[in-house]
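Q: Requesting a structural model of the entry that follows:
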Amino acid sequence: MSKHRILIAEDSKTQSVKLQFLLEKNNYHVLIAYNGREALSVVKKHKVDLIISDIIMPEMNGFELCQKLKSDEMLKSIPVILLTTLDKIVDVLRGLSVGADNYISKPYSDNYLLHRIDSVLNKNDNIIFNEREQKIDINFITEKFSIDPNPQKILNFFISTYEAAVLINRNLQQTQDQLEALNNKLEMLVRERTSELENEITEHKSTLKELQKALQKAQKLDLLKTEFMHNLSHEIRTPMNAIVGFTELLNDSDSINQDLIEFLPHIKTSLFDLLHIINNMLEAAEYMTDNVELIQKECLVEELLDDLLTSSNKELKQLEKQNITISSSIDEALKNKWINTYWSKTKLVLEKLLSNAIKFTEEGKIEFGVEYKNNDTLKFHIKDTGIGIDKEDIDKIFETFKQLESKHKIKYKGTGVGLAVSKKLVELMGGEIWLKSTPGKGSSFYFTVPILGKMKEGKIPVTSQNKVGSQLTGITILLAEDIDANHFFIKTIAEKHGMNLIWAKNGKQAIELYEKNKNIIDLVLMDLHMPIIDGYEATLKIKEKYPEAIILALSSYTNDLEVIDYEAKGFNALIKKPVSPIKLIEIIKKQIAITNSTT
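A: Alright, predicted model coming up:
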């Protein structure tokens, strides 16, 4: 019979299973959540005696989870132990400021963790204090922390920090003792053997030191990897959103000096090239694992092909490739059919293969399309009249970071991950991908995707976009965005098109301003990651009371569109940053048109 129920909040499945095994072995009942948001949902549904949370997690980290728990009257009594690889004083202070009950540094011994759990659950070291005492404000470097003057929590935190330091020192001492013993043994062998063997042993010692350095470096890189991947996209894309946007606005202005205007297309092209490289590398890191969520959705395949044809023609125009024509085709059996499959990933693969065809074709034609196979499978093709691929390169073309031979690397830019990502996605969806190619004549790529369920009759919905026309004058937009530069960027676009803008700096303000101005607000632009209340929760609260509200999500993360089913979260559409002014206006017009066509 279990003694206590413990919730583990840990995004690493390996670590969570290891910890679950240890706790269940010691007679605890265990629940698992893979991020802070999921953990918060679990404790609202199940009685939990203790929460053990990793700090670095996606969507909501351990600090944010602890802060939300301790600010909830119903949940604040649940003790929280934070597990972390972080080793800075500022992280200890941050843990205290959010109300955590204990703090354990990784790596830790099983006995030590069990001891701390027992102390917290049984309150072995409880000290009575006055909860009404005001919090202590501490300024450390450039940050300010407001800490509850609970002496027990403060003592536990610094005891944990001290014990972690003692453990690390003990391990270092053991390692040093082992190295000294090994060194003594080697020295004894050197004295007993010939000079030839002495040289060999010296060489082995040098190799051992190099291996130790390499191991330490690999361990450090492994610890940094997860945090790096989670933060890289947001940190780079947020300032880039404003830079790219202002560049387009400047490029459209007649008041700027002509010499400066001539530089702007080069600036814009370089920025988009950088963004393309970042996206490719992040996609490779994400999709080269099996931890990819596949979302099913019904869609008209001809609508998807029309969108891809439009975007591909725009790309040809931007690249000034007037000698190429592009067309699409669809099997008669698939026309006017709603088909259920993994459309977001299928579209991503098509986009990458079409982009490749455009890049490696200088003249001629590109044709893409889909046909129905009798085994309930969609077979897509992308054919071009480009440079083609040598026979010996065909087996290598789908490998990560592989490109064609060096003569092409100079002429054609790229990171060499697009085809590897495409192959991985197709395989995750349960399909196959292959190609046929002749050097100098072109390439044909093929891939299959399963049809999930039965096809249904249907037609492309008419959005009545002509009811909106090119004018957006007079409509009112509520912008929820915590970055000043991004607000000014959107405001400039809105004013240029005669739209009114109401600004909310966080999700809480967005809810309040929508309630106050609901009769005049036509559309909401909602950033997903904001302080106090994020875009997900703000949208949920608005939609609960006003389901007819039009809310478009703005995201700086590469995986939001791929990982979440944004429609199920209440969003009408999702726009990835950096936001193009032209694209933003197109989406606003489309959403207003859809609303007008249904009223």
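Q: And the strands in the stretch 51-200 of the chain?
A: Ranges of strands in the stretch 51-200 of the chain, per DSSP state E, counting those that start in this stretch, are 80-84, 102-105, 136-140, 143-147.
Q: Going by mean pLDDT, which of these comes out lowest?
A: When the strands of the stretch 51-200 of the chain are compared by mean pLDDT, strand 136-140 comes last with a mean of 60.
Q: I'd like the secondary structure assignment at L350, please.
A: Using DSSP: H, G, I helix; E, B strand; the rest coil, the structure places L350 in helix.
Q: Give me the helices and strands touching whichever strand or helix holds K345, please.
A: Using DSSP states H and E, K345 falls within helix 343-359. Applying 3 or more C-beta pairs under 8 Å, 6 or more residues apart in numbering; DSSP states H and E, one finds that helix 343-359 contacts strand 297-300, helix 301-318, strand 364-373, strand 377-384, helix 418-428, strand 442-450, helix 560-563. C-betas here are computed from N, CA, C, even on glycine.
Q: what is the rounded mean pLDDT of it?
A: In the prediction, helix 343-359 has an average pLDDT of 91.
Q: where does the stretch 301-450 of the chain have low pLDDT?
A: Residue ranges of the stretch 301-450 of the chain with pLDDT under 70: 399-417.
Q: who are the neighbours in contact with L523?
A: I475, T476, I477, L478, I550, I551, L552, I588, Q591, I592 (C-beta atoms under 8 Å, 6 or more residues apart in numbering).
Q: Narrow the residues you listed to just the buried residues.
A: Taking 16 or more other C-beta atoms under 10 Å as the criterion, what is buried in the contacts of L523 is I475, I477, L478, I550, I551, L552, I588, Q591, I592.
Q: In helices, which of those fall?
A: Mapping the buried ones among the contacts of L523 onto helices (DSSP state H) picks out I588, Q591, I592.
Q: Out of these, which comes closest to Q20?
A: Q20 lies nearest to Q591 out of those, by C-beta to C-beta, at 44.7 Å.
Q: Against E567, how distant is the closest residue in space to that closest one that isn't next to it in sequence?
A: In space, Q591 comes closest to I550 once its chain neighbours are excluded; the distance is 5.3 Å by C-beta to C-beta, 6 or more residues apart in numbering. Shown here: I550 relative to E567, a distance of 13 Å by C-beta to C-beta, to the nearest Å.
Q: Then S16?
A: Counting by C-beta to C-beta, the gap from S16 to E567 is 30 Å.
Q: which one of the two has more residues nearby?
A: Neighbour comparison, S16 and E567: the larger count goes to S16, with 19 against 12 (by other C-beta atoms under 10 Å).
Q: A strand includes S328, no?
A: Yes - looking at S328 with three-state DSSP, it is inside a strand.
Q: Isn't it up against F368?
A: Yes - S328 lies in contact with F368 (C-beta atoms under 8 Å); the separation is 5.5 Å.
Q: Give me the more crowded residue out of those two.
A: The neighbour comparison of S328 against F368 (other C-beta under 10 Å) goes to F368, with 22 against 18.
Q: show me the residues around I551 that make contact.
A: I551 touches L523, V524, M526, T539, I542, K543, G570, F571, N572, counting by C-beta under 8 Å, 6+ apart.
Q: picking that back up, which neighbours do S328 and F368 share?
A: L305, L308.
Q: returning to what we had before: helices - which of the contacts of I551 land there?
A: T539, I542, K543.
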